[in-house]
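how would this look folded up:
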Amino acid sequence: LAAGTTLLFLLPLVVLLIVSVPRQPVLPRTSSEDSRWMTRLGEMAEAITRASANPIERRLLEADRSSALRQREAFVALGAAALPSPRGVTLVLCLTISALVCFLFGFQVHEKSILLASVPLGLLFPLDSGFVLLVGSVACYSMFPLLERDRLLVPYFCLQVMILGVSVAHRLLGMPAMVEPAITAKAVDGSNGQTRFRGVLSLLRGRVRTGIHLTVVFVMLLVHGLHLAVSPPESLPHIFPLLFCASAFAFFCYALLYLLVWLCAELGL
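Numbering: from 1, shown residues only. The predicted structure follows:
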């Protein structure tokens, strides 16, 4: 109930952030501000010229002009740093990575905490549907010992079938499985905008991705088959929950690496 309530309040917050942050208005610089600044600089230059006969006064006026210029440069630099991100996908990636890191390396984390990472990750479905669906499937798989203890095996298998059905329908409808990160001005390198992390992301989305995804599905089926067909030894009564958790942890580490590379590629690194 607590996890469901948390997700109920978290989802509207994530959607609100995604909608509002990329469209955050930036106040345009007006011509009157520029004219006032140029007038002030002109007055300073005239005062320095008039004080040419007095070296002490001239030095003080030059110091005032230098101070005003440094203040202007500081405000320009801070304003450029405070501009909102032009792409909401970076915010979603940061939210997902933060939740996933807390789940993997937190202290006394509950199995259902993976749902806190799955909620923002679902917003990336239009950009990489295959990865999002596989993470959702493995998230359910990681909670199998808990669901089995609570006698929720029927909803578990129904949810896995639904994820498989969405994946098949997505392919049959011919929808794009992946969308490449946008090439920003910072990411341009030569003529094709290729950067180091964009190259690594392309590698992870090639044959390496297919091999990893097939291996993950094979391991999930293998562990389920062993759990159904083989009885655990008396010396290791909890061997199968350990296999579920260890294999899911290995995949989530890969998912974290993939998301970090994706974020760096979006940032143009």
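
find the residue at the geometric middle of this structure.
Nearest residue to the geometric centre of the chain (CA atoms, centre = their mean): L93, 0.8 Å.

give the contact list for the residue nearest to it when sequence neighbours are not counted.
Setting aside the residues directly before and after it, L93 is nearest to L263 in space (CB to CB, 6 or more residues apart in numbering), at 4.4 Å. Quick note: C-beta positions are derived from backbone N, CA and C, even for glycine. Applying CB atoms under 8 Å, 6 or more residues apart in numbering to L263 gives the contacts 90, 93-94, 97.

so L263 is in which element?
Element membership of L263, judged by DSSP states H and E, is helix 239-266.

where in the chain is pLDDT low?
Scanning the chain for pLDDT under 70 picks out 1-34, 37, 53, 76-87, 174-194.

domain assignment for it?
Listed domain ranges for the chain are 37-77, 89-266 (source: automatic domain parsing).

tell me the most buried of the ones you listed?
Mean neighbour count (mean count of other CB atoms under 10 Å) peaks for domain 89-266 among the domains of the chain, with a mean of 16.

next, the distance between the ends of that domain.
The first and final residues of domain 89-266 sit 8 Å from each other (CA to CA, to the nearest Å).

can you check stretch 120-138 too?
16 Å.

what's the offset of it from the middle of its chain?
12 Å (CA atoms, centre = their mean, to the nearest Å).

next: stretch 46-61.
55 Å.

ok, stretch 206-219 next?
Computed by CA atoms, centre = their mean, the chain-centroid distance of stretch 206-219 equals 22 Å.

that older thread, looking at the contacts of L263, spot the one nearest H227.
I97 (31.0 Å; CB to CB).

quick one on the thing from earlier: among the contacts of L263, which lie within helices?
90, 93-94, 97 (DSSP state H).

so which strand or helix has the residue nearest to G122 when sequence neighbours are not counted?
Nearest residue to G122, sequence neighbours excluded (CB to CB, 6+ apart): V132, at 6.4 Å. Here V132 sits within helix 129-142, counting by DSSP H and E.

look up how far M44 lies from L260.
Separation of L260 from M44 (CB to CB, to the nearest Å): 49 Å.

apologies, that question was intended for A63.
Distance of A63 to M44, given as CB to CB: 11 Å.

then G106?
From G106 to M44 the distance is 57 Å (CB to CB).

kindly report the same for H238.
For H238, the distance to M44 equals 78 Å [CB to CB].

V230 too?
85 Å.

with C264 instead?
Counting by CB to CB, the gap from C264 to M44 is 45 Å.

for the stretch 51-200 of the chain, what spans make up the helices?
In the stretch 51-200 of the chain, the helices defined using DSSP state H, counting those that start in this stretch lie at 55-81, 89-105, 114-122, 129-142, 144-149, 153-172, 196-204.
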